[in-house]
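S.K.: following is a predicted model, sequence given first.
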Amino acid sequence: MAKYDGDIIPLKQVAGPICGLAFARRIWCYDLAIEPLDRIRHRFGAGIRGDNEFWSSGADALYASLIELDEPTSIGPVNCGKRDRRGWVSVGSRQLAFDLS
């Protein structure tokens with residue numbers, strides 16, 4: 001996955017279509033063996049607004065990726081063939097085309 005500020009991030013409903021786009025303003029990637037989740041929660045928790053259950057659900061995670069979004073925009077629904085449980089997927093320009101008119 002390309003991890004560059006300025007990447008376009010499609011926003012997808014759970015079990016539904018892509019319904020928005022945003023730019024990646026800043027991206028942070030952490031190895032949780034080096035950077036404890038509690039430290040990430042202390043630094044970013046107010047912005048993430050996750051409850052205790054949210055943070056507990058990541059207790060066994062090995063890595064964390066955080067993306068600060070910029071200029072979110074709604075778009076008409078775009079179907080996406082993603083069928084697995086991954087929270088993110090990197091797609092190339094040939095895989096996805098948007099008509100934003």
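M.R.: That came through fine.
S.K.: what residues of the helix ranked longest in the chain count as buried?
M.R.: Secondary structure assigned by DSSP state H gives helix 37-48 as the longest helix of the chain. Under the neighbour-count criterion of 16 or more other Cβ atoms under 10 Å, helix 37-48 has 37, 40-41 buried. (Glycine included, C-beta is placed from N, CA and C.)
S.K.: what's the closest of the residues you listed to G58?
M.R.: Distance to G58 across the buried residues of helix 37-48 (Cβ to Cβ) is lowest for L37, with 5.7 Å.
S.K.: what's the closest one in contact with, if anything?
M.R.: Neighbouring residues of L37 by Cβ atoms under 8 Å, 6 or more residues apart in numbering: 55, 58-59, 61, 64.
S.K.: what mean pLDDT does the helix or strand that comes right after the longest helix of the chain get?
M.R.: Reading on from helix 37-48 to the C-terminus, the next helix or strand found by DSSP states H and E is helix 52-57. Helix 52-57 comes out with an average pLDDT of 93.
S.K.: by contact count, what packs against helix 52-57?
M.R.: For helix 52-57, the helices and strands in contact under the criterion 3 or more Cβ pairs under 8 Å, 6 or more residues apart in numbering; DSSP states H and E are helix 37-48.
S.K.: how far does the helix it packs on sit from the chain's center?
M.R.: Chain-centre distance of helix 37-48: 16 Å, with Cα atoms, centre = their mean, to the nearest Å.
S.K.: what do you get for stretch 31-51?
M.R.: Its chain's C-alpha centre and that of stretch 31-51 lie 15 Å apart, by Cα atoms, centre = their mean.
S.K.: quick check: end-to-end length of it?
M.R.: Using Cα to Cα, to the nearest Å, the gap from the first to the last residue of stretch 31-51 comes to 22 Å.
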